[in-house]
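In: Any chance you could fold what I've pasted below:
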Amino acid sequence: MSLPGPCHTHTALKSRAKVCTGVPASFQSRPPVIRRPTTHLCRSSSACVKTAEGEGISRRCSMLAAMLSWCIVPACQARGFDRYVKKKPLDPLETYVPTVLLAKQQLERAGDVMGLDPKAARDLLRGGEFGGLRDCIRALGQYAQAEQTKSKADNLVQDVFRDLEAFDFILFEYSRRNEKVPLEDAGRKLKAASAAFDGLLATVPGPILAKAQDVAETVGQGRAARAKPKFVK
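Out: Residues are numbered from 1 along each chain as shown. Have a look, this model is predicted:
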């Protein structure tokens, strides 16, 4: 029996290699599979909120979007919520005016002592009638809206607060440095604050203002009498 030659053996191995490395016809007809690259927006699954599209959105972005949607609520809808908020009804106007008048008198007393003792002047702006002055000023502003425009009434209220703060600040600056208050500069602040009081009180109807002035005068006289020292015979 004769053995195959070298050339015949090489040809047989080459044909077998083609058979083994060939691609089946069933796989040749299938379309190629394309994998989309996945982008991880969040490293932690707890910090992500999955949407319907399967994309990752940070929790901070979702909260910010919710806040913005609340902020852009139309004004008409925002006003609709006011019906569910219970507001304290205002007392009659006569109950607020005497306090404002007495606070104005106390402001003038602070101006009398500011040159000698600015700290004592600041204490006058924090005690007595000034304890409930803020609510009374705002109440007068709300009543003033019936006679004035809302913006003008708001400006009158803000003028009182702003000028009182400016007067108190100059007293604070010089009391902190243990220096005498310059009467010219502090006098201008005091005059502006007193004028702001007068501007707001001008919105009060005449009969109510006159009655409140009588009440304030009576209260002031009673306090002055109690403040006088009593001498023992």
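
In: and this protein, what are its domains?
Out: 45-84, 93-223 (automatic domain parsing).

In: which one of the ones you listed is the most hemmed in?
Out: Stretch with highest mean neighbour count among these: domain 93-223 (a mean of 16; mean count of other C-beta atoms under 10 Å). Glycine gets a C-beta too; all of them are placed from N, C-alpha and C.

In: tell me the mean pLDDT for that one?
Out: Per-region confidence: domain 93-223 scores 92 on mean pLDDT.

In: What's the end-to-end length of it?
Out: 24 Å (C-alpha to C-alpha, to the nearest Å).

In: And stretch 88-99, by the same measure?
Out: Stretch 88-99: ends 19 Å apart by C-alpha to C-alpha.

In: Isn't M114 up against L171?
Out: Yes. In this structure, M114 is within contact of L171 by C-beta atoms under 8 Å, at 6.1 Å.

In: which residues are common contacts for those two?
Out: Common neighbours of M114 and L171, using C-beta atoms under 8 Å, 6 or more residues apart in numbering, are 121, 181, 186.

In: Now do the contacts for the residue lying closest to R122 once chain neighbours are set aside.
Out: Nearest residue to R122 in three dimensions, chain neighbours excluded: L171, at 4.9 Å (C-beta to C-beta, 6 or more residues apart in numbering). Residues near L171 by C-beta under 8 Å, 6+ apart: 114, 118-119, 121-122, 125, 181, 186.

In: redo that, cut-off 7 Å
Out: By C-beta atoms under 7 Å, 6 or more residues apart in numbering, the residues touching L171 are 114, 118, 121-122, 181, 186.

In: Okay, and which of these map to helices?
Out: Among the contacts of L171, the members falling in helices (DSSP state H) are 118, 121-122, 186.

In: Is E147 in a helix, a strand, or coil?
Out: coil (DSSP: H, G, I helix; E, B strand; the rest coil).

In: And P89, by the same measure?
Out: From three-state DSSP, the assignment for P89 is coil.

In: Backbone torsions only: list them for it.
Out: phi -70, psi 150 (degrees, to the nearest 10).

In: distance of it from A139?
Out: 11 Å (C-beta to C-beta, to the nearest Å).

In: Let me see the contact set for the closest residue to L200 other than its chain neighbours.
Out: Leaving out its chain neighbours, the residue that sits closest to L200 by C-beta to C-beta, 6+ apart is L156, at 4.7 Å. L156 sits next to 141, 144, 199-200, 203 when contact means C-beta under 7 Å, 6+ apart.

In: Same question for Q105.
Out: G220 are the contacts of Q105 under C-beta under 7 Å, 6+ apart.

In: try 8 Å
Out: So Q105 contacts 216, 220 (C-beta under 8 Å, 6+ apart).

In: Report the contact partners of G141.
Out: So G141 contacts 153-154, 156-157, 200 (C-beta under 8 Å, 6+ apart).

In: dump the residue contacts of P118.
Out: 171-172, 174-175, 181.

In: re earlier: three-state assignment of the residue nearest to L200?
Out: Three-state call for L156 (three-state DSSP): helix.

In: R126 looks like it's in a strand, true?
Out: No. Looking at R126 with three-state DSSP, it is coil, so not inside a strand.
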